[in-house]
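J.: generate coordinates for the sequence data below:
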Amino acid sequence: MGDLRVRVDRALQEFVESEIAALTALDDELAPVAEQLRASVAGGKRIRPAFCYWGWRAAGQPDADQMVRAAAALELVHAAAIVHDDIIDRSPLRRGRVTAHARLGDGLAIMVGDLLLAWAGELFHTSGLPRAFLARAVSAWTAMGRELIAGECLEILRTGAAPDVGLSLQVVRLKTGSYTIEWPLRIGAVLGGAAPGVLTALAAYARPLGEAFQLRDDLWGVFGDPAETGKSAQDDLTGRKPTALLALTLERADGGDRSQLRELLKEPVPADETARIRQIMDRSGARDQVRQMIDDRAAAARAALARARLPAEAAAALTRLITEVTADV
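T.: Below you'll find the model as predicted:
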């Protein structure tokens, strides 16, 4: 897995540096934008390229540098989504670095995110895979973008609304789960010409795992160490994001805690109040329930994988990825 990350990083660096050279050749004044583009792609666990690559291998295809390049394009989609998400959330930090909008302003940050999306399509289609292979994935690539944007829109529309666990899980699936795991895995498998039975088996694995990943991310957003998460623990709370964690807390907390939590969330949450919110979440049992939801979904993914008839190396890699994306806070 580590070797795959190194190869993805190398493919991204070669592509990004080539594109930055072309951009700055237009005008030297674009240098700050170029630097932000470079920073936006740096770091990260390369989870999406990993699922895409192993979808290809699950289809019975051999290792190929062209596939690594195609998979790396998914990281550019993720980088673009992060830039836009940080603007919406007004997040000052990401991966321990100043965010694009905090450094350049909203207007230039939007342009950075837009260009990253354009780059994703370019890298994918110039990966070196046969055109016939790439054509197989057009509808899946389009559906991935549709669900990502739908999830983001629904999160905005539902922020501050009455808590609803079911609606929160829908946002989880669309905004993060599908474009992190389900669609990258499917795109890789479709590129590799996977049989319908393989695609069905991979979907049964990816859907619960995608939900588990976002539920874990919601826990990290509140209970994680900012030194490890790279962003403030107040971001999700201040934004009153419609997470399952918040919905369950408001649903399960006793009257006093519920009233206190609603008051705390009326204004931007100061750092010294975050601990009080965590205590309310713990007392309500919401934190433990979300952890159980994660474990249940991880178990469902393992069961689906056990039923699937996949090449041994792909099955082993997909098993390891379950642990990687559901590790406890």
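J.: and Arg291, how many neighbours?
T.: 17 (other C-beta atoms under 10 Å). Backbone N, C-alpha and C define where each C-beta goes, glycine included.
J.: again with the one 10 residues further on
T.: The number of residues packed around Ala301, counting by other C-beta under 10 Å, is 26.
J.: do the same with Arg69
T.: By the measure other C-beta under 10 Å, the count of residues near Arg69 is 23.
J.: is it true that it touches Glu122?
T.: No - when contacts are counted by C-beta atoms under 8 Å, Arg69 is not listed as touching Glu122 (10.9 Å).
J.: distance check, Ala317 against Ser139.
T.: Taking C-beta to C-beta, to the nearest Å as the criterion, Ala317 is separated from Ser139 by 25 Å.
J.: those two: which is more packed in?
T.: Neighbour totals were compared for Ala317 and Ser139, and Ala317 leads with 19 against 11 (other C-beta under 10 Å).
J.: show me what the helix or strand hosting that one is packed against.
T.: Counting by DSSP states H and E, the element that carries Ala317 is helix 312-326. On a contact count with 3 or more C-beta pairs under 8 Å, 6 or more residues apart in numbering; DSSP states H and E, helix 312-326 meets helix 47-58, helix 196-223, helix 286-307.
J.: what comes up buried for it?
T.: Of the residues in helix 312-326, those with enough neighbours to count as buried (16 or more other C-beta atoms under 10 Å) are Ala314, Ala315, Ala317, Leu318, Leu321, Ile322, Val325, Thr326.
J.: and that helix, average pLDDT?
T.: When pLDDT is averaged over helix 312-326, the result is 96.
J.: who's in contact with Ala150?
T.: Taking C-beta atoms under 8 Å, 6 or more residues apart in numbering as the contact definition, Ala150 lies against Leu174, Lys175.
J.: angle of the helix or strand that contains it against helix 196-223?
T.: Of the helices and strands defined by DSSP H and E, Ala150 is found in helix 138-158. Here helix 138-158 runs at an angle of 30 degrees relative to helix 196-223 (axes from the mean of the first three to the mean of the last three C-alpha atoms, to 10 degrees).
J.: what average pLDDT does helix 138-158 get?
T.: Computed over helix 138-158, the average pLDDT equals 93.
J.: now do it against helix 47-58, angle only.
T.: With the same axes, to 10 degrees as the criterion, the two stretches helix 138-158 and helix 47-58 enclose an angle of 150 degrees.
J.: what residues sit buried inside helix 138-158?
T.: When neighbours are counted by 16+ other C-beta under 10 Å, the buried residues of helix 138-158 are found to be Ala140, Trp141, Ala143, Met144, Gly145, Glu147, Leu148, Gly151, Glu152, Leu154, Glu155, Arg158.
J.: now do stretch 285-301
T.: Neighbour counts over stretch 285-301 (16+ other C-beta under 10 Å) mark Ala286, Arg287, Gln289, Val290, Arg291, Met293, Ile294, Arg297, Ala298, Ala300, Ala301 as buried.
J.: export stretch 205-218 to PDB, keeping only CA atoms.
T.: Coordinates of the C-alpha atoms in stretch 205-218 are reproduced here as PDB (Å, rounded to 0.1, in the frame of the first residue of the first chain):
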ATOM      1  CA  TYR A 205     -18.600  -3.600   0.100                       C
ATOM      2  CA  ALA A 206     -18.200   0.100  -0.700                       C
ATOM      3  CA  ARG A 207     -21.600   1.500   0.400                       C
ATOM      4  CA  PRO A 208     -21.400   0.600   4.100                       C
ATOM      5  CA  LEU A 209     -17.700   1.400   4.200                       C
ATOM      6  CA  GLY A 210     -18.300   4.800   2.700                       C
ATOM      7  CA  GLU A 211     -20.800   5.600   5.400                       C
ATOM      8  CA  ALA A 212     -18.400   4.300   8.100                       C
ATOM      9  CA  PHE A 213     -15.600   6.500   6.700                       C
ATOM     10  CA  GLN A 214     -17.700   9.700   7.000                       C
ATOM     11  CA  LEU A 215     -19.100   8.800  10.400                       C
ATOM     12  CA  ARG A 216     -15.500   8.300  11.600                       C
ATOM     13  CA  ASP A 217     -14.600  11.600  10.100                       C
ATOM     14  CA  ASP A 218     -17.400  13.300  12.000                       C
END
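J.: what is the rounded mean pLDDT of it?
T.: The model assigns stretch 205-218 a mean pLDDT of 93.
J.: for stretch 30-39, same thing?
T.: For stretch 30-39, the mean per-residue pLDDT is 96.
J.: ok, and what's touching that stretch?
T.: In this structure, residues lying in contact with stretch 30-39 by C-beta under 8 Å, 6+ apart are 16-17, 19-20, 23-24, 97, 100, 103-104, 108-109, 111-112, 115-116.
J.: do the same with stretch 291-303
T.: Outside stretch 291-303, the residues that touch it by C-beta under 8 Å, 6+ apart are 205-206, 208-209, 211-212, 215-216, 219, 244, 319, 322, 326, 328.
J.: check the offset of that stretch from the chain's centre.
T.: Between the mean C-alpha location of stretch 291-303 and the chain-wide mean there is a distance of 18 Å, by C-alpha atoms, centre = their mean, to the nearest Å.
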